[in-house]
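> Sequence and predicted structure are below.
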Amino acid sequence: MTGYHSEMISPRLLLSLVALSLVACSPQAAPTPAGGTPRSTSVTTKTPAVTGGAQLQFTELQYDFGVVPDTETLLHQFMFSNTGDAELNITNTKASCGCTTPTLEKTVFSPGEGSQIAVSWVPKGIGNQSQTVKITSNSVRGELIVLTVRAVVEPFLKLNPLTVAFGAVPQSIPATRIINIDCDSQDLIIDSVTATHNAVTAKLLAPPVNGRARLEVTLNPGAPWGMFFPKVKITAREGPNGKPSVREVAVSATPYHDLRFDPPSFAVGRIPLNRPILKELIVTRPGGGPFTVVEASVVGSPVPDMHVTIEPQPDGSTVKLVLRSQGWNTQTPLSRTNVRVTTDVPGDQSRTVPVFGVVGPPVK
């Protein structure tokens, strides 16, 4: 035909066009954010309205506060309604911890009526934390509903180091360590610094400046012999009206008189049933000079054949103590077991070395 131009469409091309049109008309899934599955901060219930009774329906069952300082009191409102056709009676709201308080203005709700449960939470400690509130009611489904709040709690005070480890130190010489204190608030106020034992002294070297300070911790002469675990407590706040934040710093030391026990205990760990026990420690005299371990005996052991051998070393200023047993066939804690050591060194004539561990099958 003249004056008219047409193109033939092949069957294969026609099928392709149809497939593309179907894809274009299909609903598309929402893209997932970079980094994988997004973190959910709430769970929305989808239960439809029911007949024949009350129905307690929450709009969310979980709430994540994210990252918060330990000086904040957290508050969230969990909204709910009665989606049934009878009167709803909420009979109990029970928190999993005394740090969490649920508040409900009233407990009886007509069909279609709603309200909220206010959950107030004062987190204790730091790190990932969660608390729950259990809700019971006359809901026709009869289920126990659990509300959950979560948070990552960061300390108001950031300490470096987090603990103070003096290690083995002579009882006659003071030892000092420094803790650097940092805070995001420029208005840092440190109200008090106290130690749980009078053998430890803790003091600020200067008032905080721009949220920073330095704390000096001293182990005083005459600290108790052996393993020693006091604490230092720091109470601080943001500004004059801020909520107090308390940080406890664990302190560890092994003060010794003239003889040093290394390690300071027989830590045998978990020994399988009917397996031999073998653990040793070394007694030295850092100041030099010979000495004698006159006797070493096991006290309070539930394992009948547990005993200690004394092995003097060639240098004359070192003695090895070896704790031995052929084993035991019954699960038994060793927490009350000690080794009593008698020497000829004034001030160290009698020392008690603890034994830590348990005899028993592997923990599953």
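Okay, I see it. Numbering: from 1, shown residues only.
> How much space separates residue 96 from residue 121?
Distance, residue 96 to residue 121, using C-beta to C-beta, to the nearest Å: 10 Å. In short, each C-beta sits where N, CA and C put it, glycine included.
> Which neighbours do the two have in common?
Here residue 96 and residue 121 share the contacting residues residue 131, scored by C-beta atoms under 8 Å, 6 or more residues apart in numbering.
> Which of these two has more residues huddled nearby?
residue 121 (26 against 14; other C-beta atoms under 10 Å).
> right, and that one touches residue 72 too?
No. At 9.3 Å, residue 121 does not count as touching residue 72 under the criterion of C-beta atoms under 8 Å.
> Now do residue 184: how many residues are near it, please.
Other residues near residue 184 come to 12 when the count uses other C-beta under 10 Å.
> residues contacting the closest residue to it other than its chain neighbours?
In space, and not counting its chain neighbours, residue 184 is closest to residue 211: 6.6 Å by C-beta to C-beta, 6 or more residues apart in numbering. Under the criterion of C-beta under 8 Å, 6+ apart, the neighbours of residue 211 are 182, 183, 184, 185, 186, 187, 188.
> Identify the residues contacting stretch 227-240?
Residues contacting stretch 227-240 (C-beta under 8 Å, 6+ apart): 71, 156-157, 159, 164, 181, 183, 185, 187-197, 199-200, 202, 215, 217, 243-255, 264-265, 354.
> and the residue nearest to residue 184, how far is that from residue 122?
The value you get for residue 211 to residue 122, if C-beta to C-beta is used, is 23 Å.
> Tell me where this structure has helices.
Counting by DSSP state H, one finds helices in the chain at the ranges 11-25.
> domains of it?
56-154, 158-256, 260-359 (automatic domain parsing).
> need the ones you listed in TSV with mean pLDDT, can you?
Conversion of the domains of the chain to TSV gives the following (pLDDT from 0 to 100):
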stretch	mean pLDDT
domain 56-154	94
domain 158-256	95
domain 260-359	95
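> ok, how many other residues are close to the closest residue to residue 363 other than its chain neighbours?
Among residues not flanking residue 363 along the chain, residue 270 sits closest, at 7.2 Å (C-beta to C-beta, 6+ apart). Residue 270 has 11 neighbouring residues, counting by other C-beta under 10 Å.
> quick one, what contacts residue 270?
Residue 270 makes contact with 357, 358, 359, 360, 362, 363, according to C-beta under 8 Å, 6+ apart.
> what's the residue nearest to the fifth one when sequence neighbours are not counted in contact with, if anything?
It refers to residue 362. Spatial nearest neighbour of residue 362, excluding adjacent residues (C-beta to C-beta, 6+ apart): residue 272 at 6.8 Å. For residue 272, the contact set (C-beta under 8 Å, 6+ apart) comprises 359, 360, 361, 362.
> The third one contacts residue 329, doesn't it?
This points to residue 361. No. Applying C-beta under 8 Å as the test, residue 361 and residue 329 come out as separate, 10.9 Å apart.
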